[in-house]
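Undergrad: give the three-dimensional model of this entry:
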Amino acid sequence: MNQKELKELIEFLIEKDVTEFELERGDVKVRIKRGPEAAAGRDVHYVTMPPVASPAAEGRAASPPPASGPTAVPAAPPAEAPKEEGLHMITSPIVGTFYEAPSPGSPPFVKPGDPVEVGQVLCIIEAMKLMNEIECDVAGEVVKRVVNNGQPVEYGQPLFEVRPRK
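TA: Numbering: from 1, shown residues only. Presented below is the predicted three-dimensional model:
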C-alpha cells in the first residue's frame, strides 16, 4: 500500500463517516480510528511498509540494513486541557506538518495576543504535498500556539488556544 492509496482510503473513510477501520494486506496492517474516543485515548498506530526505491537511488550503492530489534518511537504527549477556563481549542483536522506562515521567512499568520475572526487563516498543515489552510472557527484572541513550526501533527491534536469574544 503506497501513500496515495492510504490517503484515498482515509478520505473515503472520512467521507463515509467511518470511525474505526482495520485492513491487513500481506505483511502490511493498517488500523485507523477517528473521533473523540480515538483522540482522547491517544492510541498510536504505526504502519510498516517496505521502502520505495526512487530512480535516483537505484544508481547509488545500497546502504546497510538497519540493526534489528525494537526501537523506541516517542509518542505524542497526551493533549492537555486548556489551563484557563473558557478557552476554545483549535485542533488539527488532518495528519500532516504544521506551518505558522505562508512561506519561509514570512511573518506568521497569527501570534499570541492577536485578535482573530471566524474564517481567518491560522496556519497551514501540509499533507501529501498539499497545503491545507486551517481557519479559525471562533472569533476572539489567540492565547497560545501549542505546536512548533515544522512539527508533525496528528488528527485532533491541539494547535491553538483561543479566548472567545463575548
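Undergrad: against I32, how distant is the closest residue in space to E133 that isn't next to it in sequence?
TA: Once flanking residues are discounted, E133 sits nearest to V121: 4.7 Å by C-beta to C-beta, 6 or more residues apart in numbering. To be clear about C-beta, it is placed using only N, CA and C from the backbone, and glycine gets the same treatment. With distances defined as C-beta to C-beta, to the nearest Å, the gap from V121 to I32 amounts to 28 Å.
Undergrad: assumed L6 was part of a strand.
TA: No: under DSSP: H, G, I helix; E, B strand; the rest coil, L6 sits outside any strand and is assigned helix.
Undergrad: surely it and V30 touch.
TA: Yes: under the criterion of C-beta atoms under 8 Å, L6 is in contact with V30, at a separation of 7.1 Å.
Undergrad: now for this protein, the helix or strand with the poorest mean pLDDT.
TA: For the chain, the helix or strand with the lowest mean confidence is helix 55-58, at a mean of 46 (criterion: mean pLDDT, DSSP states H and E).
Undergrad: average model confidence for the helix or strand following it?
TA: If you walk from helix 55-58 toward the C-terminus, the next helix or strand you reach (DSSP states H and E) is strand 88-91. Averaged across strand 88-91, the pLDDT comes to 94.
Undergrad: SS state for G105?
TA: In terms of secondary structure, G105 is coil; the call rests on three-state DSSP.
Undergrad: number of residues surrounding it?
TA: 6 (other C-beta atoms under 10 Å).
Undergrad: over to K144?
TA: Using other C-beta under 10 Å, the number of residues around K144 comes to 17.
Undergrad: doesn't it lie inside a strand?
TA: Yes: counting by three-state DSSP, K144 is found in a strand.
Undergrad: and the protein, what are its domain boundaries?
TA: 3-51, 88-164 (automatic domain parsing).
Undergrad: out of the ones you listed, which is the most enclosed?
TA: domain 88-164 (a mean of 16; mean count of other C-beta atoms under 10 Å).
Undergrad: please consider this matter closed, and thank you.
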